[in-house]
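Enquirer: Please find the sequence and the predicted model below.
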Amino acid sequence: MPGLLRGVARTAVIAGTATSVSNRVSRRQAGRWARQDAAQAQAQPAPAAPSPPAATSLAPEDEMSNKIAQLKDLGDLKSQGVLSDSEFAAQKARILAS
(Lines give C-alpha, C1' and ligand atoms only; values in the text may rest on other atoms or scores of the structure.)
Protein backbone atom coordinates (compact mmCIF):
# COMPACT_ATOMS: atom_id res chain seq x y z
CA MET A 1 0.00 0.00 0.00
CA PRO A 2 2.74 2.57 0.77
CA GLY A 3 4.20 1.95 -2.70
CA LEU A 4 0.83 2.65 -4.29
CA LEU A 5 0.38 5.84 -2.29
CA ARG A 6 3.87 6.98 -3.22
CA GLY A 7 3.13 6.35 -6.94
CA VAL A 8 -0.13 8.30 -6.78
CA ALA A 9 1.55 11.21 -4.99
CA ARG A 10 4.40 11.27 -7.51
CA THR A 11 1.93 11.28 -10.40
CA ALA A 12 -0.03 14.15 -8.80
CA VAL A 13 3.13 16.21 -8.33
CA ILE A 14 4.28 15.61 -11.92
CA ALA A 15 0.83 16.41 -13.34
CA GLY A 16 0.56 19.58 -11.24
CA THR A 17 4.02 20.73 -12.31
CA ALA A 18 3.28 20.05 -15.96
CA THR A 19 0.01 21.99 -15.76
CA SER A 20 1.70 24.92 -14.07
CA VAL A 21 4.48 25.07 -16.66
CA SER A 22 2.02 24.74 -19.51
CA ASN A 23 -0.13 27.59 -18.19
CA ARG A 24 2.91 29.82 -17.71
CA VAL A 25 4.11 29.17 -21.26
CA SER A 26 0.63 29.87 -22.63
CA ARG A 27 0.38 33.19 -20.73
CA ARG A 28 3.86 34.24 -21.86
CA GLN A 29 3.08 33.42 -25.50
CA ALA A 30 -0.26 35.27 -25.32
CA GLY A 31 1.57 38.30 -23.94
CA ARG A 32 4.06 38.20 -26.81
CA TRP A 33 1.27 37.99 -29.37
CA ALA A 34 -0.54 40.89 -27.74
CA ARG A 35 2.62 43.04 -27.87
CA GLN A 36 3.18 42.11 -31.53
CA ASP A 37 -0.42 42.97 -32.40
CA ALA A 38 -0.13 46.31 -30.62
CA ALA A 39 3.14 47.10 -32.41
CA GLN A 40 1.62 46.23 -35.78
CA ALA A 41 -1.45 48.35 -35.08
CA GLN A 42 0.76 51.35 -34.26
CA ALA A 43 2.94 50.81 -37.33
CA GLN A 44 0.03 50.79 -39.77
CA PRO A 45 -0.96 54.24 -41.05
CA ALA A 46 -4.54 55.37 -40.60
CA PRO A 47 -6.67 54.92 -43.72
CA ALA A 48 -7.06 58.07 -45.71
CA ALA A 49 -10.48 59.64 -46.09
CA PRO A 50 -11.88 59.62 -49.62
CA SER A 51 -10.84 62.62 -51.64
CA PRO A 52 -13.55 65.13 -52.47
CA PRO A 53 -14.83 64.98 -56.03
CA ALA A 54 -14.06 67.77 -58.43
CA ALA A 55 -16.62 70.56 -58.32
CA THR A 56 -18.60 70.83 -61.53
CA SER A 57 -21.72 72.68 -62.46
CA LEU A 58 -24.46 70.05 -62.71
CA ALA A 59 -28.18 70.26 -63.05
CA PRO A 60 -29.94 70.12 -59.64
CA GLU A 61 -31.19 66.57 -60.30
CA ASP A 62 -27.74 65.38 -61.34
CA GLU A 63 -26.20 67.11 -58.34
CA MET A 64 -28.63 65.40 -55.95
CA SER A 65 -28.07 61.96 -57.51
CA ASN A 66 -24.32 62.60 -57.30
CA LYS A 67 -24.63 63.40 -53.57
CA ILE A 68 -26.73 60.29 -53.00
CA ALA A 69 -24.13 58.15 -54.76
CA GLN A 70 -21.35 59.72 -52.67
CA LEU A 71 -23.33 59.10 -49.47
CA LYS A 72 -23.90 55.46 -50.46
CA ASP A 73 -20.17 55.02 -51.11
CA LEU A 74 -19.44 56.67 -47.78
CA GLY A 75 -21.89 54.34 -46.03
CA ASP A 76 -20.21 51.34 -47.65
CA LEU A 77 -16.81 52.51 -46.39
CA LYS A 78 -18.21 52.90 -42.89
CA SER A 79 -19.83 49.45 -42.92
CA GLN A 80 -16.50 47.95 -44.07
CA GLY A 81 -14.78 49.59 -41.10
CA VAL A 82 -12.60 51.89 -43.20
CA LEU A 83 -14.16 55.02 -41.68
CA SER A 84 -14.87 55.67 -38.02
CA ASP A 85 -18.13 57.23 -36.87
CA SER A 86 -16.54 60.68 -36.54
CA GLU A 87 -14.88 60.47 -39.97
CA PHE A 88 -18.18 59.35 -41.48
CA ALA A 89 -20.07 62.24 -39.88
CA ALA A 90 -17.48 64.79 -41.05
CA GLN A 91 -17.50 63.51 -44.64
CA LYS A 92 -21.32 63.32 -44.69
CA ALA A 93 -21.56 66.93 -43.49
CA ARG A 94 -19.06 68.00 -46.17
CA ILE A 95 -21.05 66.26 -48.91
CA LEU A 96 -24.38 67.67 -47.77
CA ALA A 97 -22.95 71.19 -47.42
CA SER A 98 -21.59 71.27 -50.94
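Expert: Sure thing, it's come through.
Enquirer: how far out from the middle of the chain is the host helix or strand of Gln36?
Expert: Following DSSP states H and E, the helix or strand that holds Gln36 is helix 2-43. In terms of Cα atoms, centre = their mean, to the nearest Å, the centre of helix 2-43 is found 28 Å from the chain centre.
Enquirer: So which elements touch that helix?
Expert: The helices and strands touching helix 2-43, judged by 3 or more Cβ pairs under 8 Å, 6 or more residues apart in numbering; DSSP states H and E, number zero. (Glycine included, C-beta is placed from N, CA and C.)
Enquirer: Can you report how many residues lie near Lys78?
Expert: For Lys78, the neighbour count with other Cβ atoms under 10 Å is 17.
Enquirer: Point out where this protein drops to low pLDDT.
Expert: Filtered on pLDDT under 70, the chain yields the residue ranges 1, 45-59.
Enquirer: Pop the domain breakdown of it in here.
Expert: Structural domains annotated on the chain: 1-44, 60-97, as defined by automatic domain parsing.
Enquirer: ok, now how distant is Gly16 from Glu63?
Expert: Applying Cβ to Cβ, to the nearest Å, the value for Gly16 to Glu63 is 74 Å.
Enquirer: neighbour-wise, which of the two wins?
Expert: Counting neighbours by other Cβ under 10 Å for Gly16 and for Glu63 shows that Glu63 has the greater number, 13 against 10.
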